[in-house]
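Chemist: build me a structure from this.
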Amino acid sequence: MRFTRAFRDFLLLVSYGASSIEAFALSPPSCSYYSRSEVALRSSATKDVASAVVGTPETPFDDGRCPFEITTPIYYVNDKPHIGHAYTSVACDVIARFMRLSGREVFFLSGTDEHGQKVEQSAAKKGVEPQAFVDEVSQTFRDLLELLNISNDMFIRTTADEHKSSVQHLWRTLVEKGFIYKGTYSGWYSVRDECFYNESELIDGKAPTGAEVEWVAKEESYFFRLSAFEDKLLELYESSSDFIAPKSRKNEVVSFVKGGLRDLSVSRTSFKWGVPVPGDEDHVMYVWIDALTNYMSALGYPDESPDGNYAKFWPASVHIVGKDILRFHTVYWPAFLMAAGVPLPKRVFAHGWWTKDGEKISKSLGNVIDPVDLVAKYGVDPTRFFLMSEVPFGNDGDYSDNAMIFKCNANLSNELGNICQRVCTLSYKNCNQVVPEPGEFTAEDEELLAAARALREQAATAVANQAIHEYAKVMVSMVKDANKYIDVMAPWQLRKTDTERMNTVLYVLMEVLRQTAILYQPLIPESANKILDQITVPKDERTFAHLETSPLQSKTPMQHPESVFPRFEVPGDPDTKKKQQQTPKKKSQPQVERSIDISQLDIRVGVITKAWAHEEADKLICEEIDIGEDKGPRQIASGLRDYYNADDIVGQRVLVLSNLKSRKLVGFPSHGMVLCASKDGKMEFVEPPSDAAIGERITVDGFPGDPTTENQVGKKKMLDIVLPDLKTNEEGVATYKGATLTTSAGACKAQNGLAGADVA
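Modeler: From the prediction side, this is the model:
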């Protein structure tokens, strides 16, 4: 017990000890893919530079200011990269960039694991030497990191001489301390997993991963005394509850260790492609003792010079790994380090696996997801955004093209891209092509600005705990709030009535965009910097230290606004087909009687600007809705009180059936109808895309024509004929006789995707 506590004390001393935090948090990391402007800290001759170290929230495993090492697992070079490699790399990159922008000194490590029986066999099949084989495959991983804009500080290869020397030093240390001995091994071994398995672990004669196993019969081997560390490991898991994350993964590790640990075979003689055992070159080291040591060898282990990377960055702040290699990182690795007298990494985070369209990904099914193809199809930042935001980080996730398209269209194109385009275009056209000068802020302005100022703390708390999906979530929420604000404030109308107020509204939105884009840099670095370029933020004022100290300067010249995010088409979705591919119906000769269909209804995009509960009717909400009319917002009463609070729907985009006669509902004059989807006691708004223009008329393919008059709608009882054919489909998209209700920006959908519902 005292041995484990001593290690914990030593870990704290190394992590938070003699070095001054202010001194070591200033030097920007060297990085082959990372722009210096992205990590630059603002300096001043009269200001202490250390004040630029914003840091991150303190956690049980990290003080929020010390040097930060983050690692991907080193990727095995038996095949080309897949979506799992991209997922891990992007996750680490997001965290590393966030820490750098917070002023922390970061060492972000990735690389390739290039030894082992599987590599030797794969090279033989190709008829090449193992070194030539790993040179080729390793390059594909480096190419992937560059393609995905990954900012790793070092790419390590286990075939490098410096790494081999570090591994051999660790081996000699373990021998000197009495934790390695020679014996013979018989048992089950998986070449694919590079892992030994007990008989009790096999499932239908295969490894738990589904890999084939082979029987190794009495092969001479060196053993590591893993059995000596059973109690010490259990004490580690108990005393350092955050060592394994997420917590759901901890139970399986504890269960494995409590089941009893056997000494571990750590060398092989049946193949030669590995690091030779010092003093006995008939043996090569077991691949995991070789591979795991990369986390220290990259820092210069065993060189403990005070100014070296090993002294600065070890122990690692977090290892990010896939759940399939959790055992190696939370059982074998800490045991090796305890035995060698080396401090343990602070945290191991194991993320889940991806499936595709609900099926396990495998070569035999032909559904392997190539990240290079994803980037070619959707771009770097949309790919990064989807991977980090689609599922809680740590859980399994399912990939589909439709999910990718809907998420990127909704959160990037329709929301973030839309608000950027609208604000920059309005400012550029109406403010003499400069950043507008604000007047006095209203309570609504201050509320939005306060939300933007609070964003860093929320995002930092999520990232500090590797909850990357929560970081993405708070960013998306901020952008939604900005879109609601612009719809309510309507600066395009203020241009005609109150230019000073228009300037203030546009300045508030540009300042919110500045804060948001700076904080979005770790997740979508290229796109975030395009936004910052458009709103004139200097390249040396884009760290988190500048969020509060460097607001936008009025009258700064703006560049011409450009679209930041593309909008993707859903394959086979009729509402996204290009208009030139559609066959327009020929105009018929004038008819005496026109058949009744949805084309005779005038359905417009609107936004609720004011809402309150009806004083006398307990089911009605009274609304003022802007549908782009010169005379101002419409007054409409809707039976929504059982489903919505009036205060919550201000800023909500809606579809308004506008060519209805005005009528009084419990004394309130209502002129139009808000379309909602309803089913089984549920009701929700039918929404247009967030970038659809206010006042735009909804169209339906196959039903051309101009709307009729209010009198004709009522006289011919058109609603009784049309509404029964208005439904939502399986994806919650509003349809009429199977054809989608669309705007120029895309399909209209039930707010929460209510499927198979009536629309009225």
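
Chemist: next, the spatially most central residue of the chain: secondary structure please.
Modeler: Per CA atoms, centre = their mean, the C-alpha nearest to the average position across the chain is that of Met388, at 2.0 Å. Following DSSP: H, G, I helix; E, B strand; the rest coil, Met388 is assigned to helix.

Chemist: so who does it touch?
Modeler: Residues near Met388 by CB atoms under 8 Å, 6 or more residues apart in numbering: 90-91, 94, 468-469, 471-472, 523. C-betas here are computed from N, CA, C, even on glycine.

Chemist: next: Val733.
Modeler: Remark: with contacts taken as CB under 8 Å, 6+ apart, Val733 is in contact with 575, 740-741, 747-750.

Chemist: can you give me the strands in the stretch 101-250 of the chain?
Modeler: Here the stretch 101-250 of the chain has its strands, by DSSP state E, counting those that start in this stretch, at 106-113, 154-157, 180-190, 195-197, 214-224, 244-245.

Chemist: comparing the ones you listed, which comes out most buried?
Modeler: Burial of those is given as mean neighbour count (mean count of other CB atoms under 10 Å); strand 106-113 ranks first at a mean of 25.

Chemist: list the strands paired with it, with their directions.
Modeler: When pairing is defined by DSSP bridges, strand 106-113 lines up against strand 68-71 (parallel), strand 75-76 (parallel), strand 154-157 (parallel).

Chemist: just the CA trace of the last one, in PDB.
Modeler: Coordinates of each C-alpha in strand 154-157 appear next as PDB, following Å, rounded to 0.1, in the frame of the first residue of the first chain:
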ATOM      1  CA  MET A 154       5.900  14.600 -33.200                       C
ATOM      2  CA  PHE A 155       5.300  11.500 -35.300                       C
ATOM      3  CA  ILE A 156       7.200   8.600 -33.700                       C
ATOM      4  CA  ARG A 157       8.100   5.300 -35.400                       C
END
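
Chemist: top of the contacts of Val733 by neighbour count?
Modeler: For those, counting by other CB atoms under 10 Å, the largest number of neighbours falls to Cys748: 29 neighbours.

Chemist: I'd guessed that residue sits against Thr699; true?
Modeler: No: counting by CB atoms under 8 Å, Cys748 sits too far from Thr699 to count as a contact (10.4 Å).

Chemist: list the residues that contact both of these two?
Modeler: Residues touching both Cys748 and Thr699 (CB under 8 Å, 6+ apart) are 741-742.

Chemist: buried ones in stretch 467-483?
Modeler: Under the neighbour-count criterion of 16 or more other CB atoms under 10 Å, stretch 467-483 has 467-476, 478-483 buried.

Chemist: what's around the closest residue to Pro436 other than its chain neighbours, how many residues?
Modeler: In space, and not counting its chain neighbours, Pro436 is closest to Asn503: 3.9 Å by CB to CB, 6 or more residues apart in numbering. Asn503 is flanked by 22 other residues according to other CB under 10 Å.

Chemist: so Asn503 is in which element?
Modeler: Taking DSSP states H and E as the criterion, Asn503 maps to helix 499-520.

Chemist: any regions of the stretch 301-450 of the chain where pLDDT drops low?
Modeler: Residues of the stretch 301-450 of the chain meeting the criterion pLDDT under 70: 362-364.

Chemist: how about the contacts made by the residue nearest to Pro436?
Modeler: With CB under 8 Å, 6+ apart, Asn503 has these contacts: 431, 436-439.

Chemist: ok, Arg663 next?
Modeler: Going by CB under 8 Å, 6+ apart, Arg663 touches 669-670.

Chemist: could you redo the last one with a cut-off of 10 Å?
Modeler: 637, 669-671, 714 (CB atoms under 10 Å, 6 or more residues apart in numbering).

Chemist: ok, and the most crowded of those residues?
Modeler: Among the contacts of Arg663, the one with the most neighbours (other CB under 10 Å) is Ala637, at 24 neighbours.

Chemist: bridging residues for that residue?
Modeler: With DSSP bridges as the criterion, Ala637 is bridged to Cys622.

Chemist: hmm, it is touching Cys622, no?
Modeler: Yes: at 5.3 Å, Ala637 and Cys622 qualify as touching, with contact defined as CB atoms under 10 Å.

Chemist: low-confidence ranges, this protein, go.
Modeler: In the chain, residues with pLDDT under 70: 1-52, 186, 191-196, 217-218, 362-364, 571-594.

Chemist: just give me the neighbour total for the closest residue to Ile524 other than its chain neighbours.
Modeler: Of all residues not flanking Ile524 in the chain, Asp381 sits nearest, at 4.0 Å (CB to CB, 6+ apart). If you count neighbours by other CB under 10 Å, Asp381 ends up with 23.

Chemist: residues contacting Asp381?
Modeler: Neighbour list for Asp381: 148-149, 375, 408, 412, 520, 523-528, 530, 564-565 [criterion: CB under 10 Å, 6+ apart].

Chemist: 8 Å instead, please
Modeler: The contact partners of Asp381, taken as CB under 8 Å, 6+ apart, are 412, 524-527, 565.

Chemist: could you dump those residues to a markdown table with secondary structure and neighbour count?
Modeler: Formatted as a markdown table, the contacts of Asp381 follow (DSSP: H, G, I helix; E, B strand; the rest coil; neighbours: other CB atoms under 10 Å):
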| residue | secondary structure | neighbour count |
| --- | --- | --- |
| Leu412 | helix | 26 |
| Ile524 | coil | 28 |
| Pro525 | helix | 21 |
| Glu526 | helix | 13 |
| Ser527 | helix | 24 |
| Phe565 | coil | 25 |
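
Chemist: I'd assumed Trp273 was in a helix, is it?
Modeler: No: counting by three-state DSSP, Trp273 is located in no helix; its state is coil.

Chemist: do you know how far Ser227 is from Asn152?
Modeler: Here Ser227 is placed at a distance of 36 Å from Asn152 (CB to CB, to the nearest Å).

Chemist: Ala734 pairs with what?
Modeler: Counting by DSSP bridges, Ala734 is bridged to Thr728.

Chemist: ok, now how distant is the nearest residue to Leu620 once chain neighbours are set aside from Gly746?
Modeler: Spatial nearest neighbour of Leu620, chain neighbours left out: His614 (3.8 Å); criterion: CB to CB, 6+ apart. Plainly put, His614 is 33 Å away from Gly746 if you go by CB to CB.
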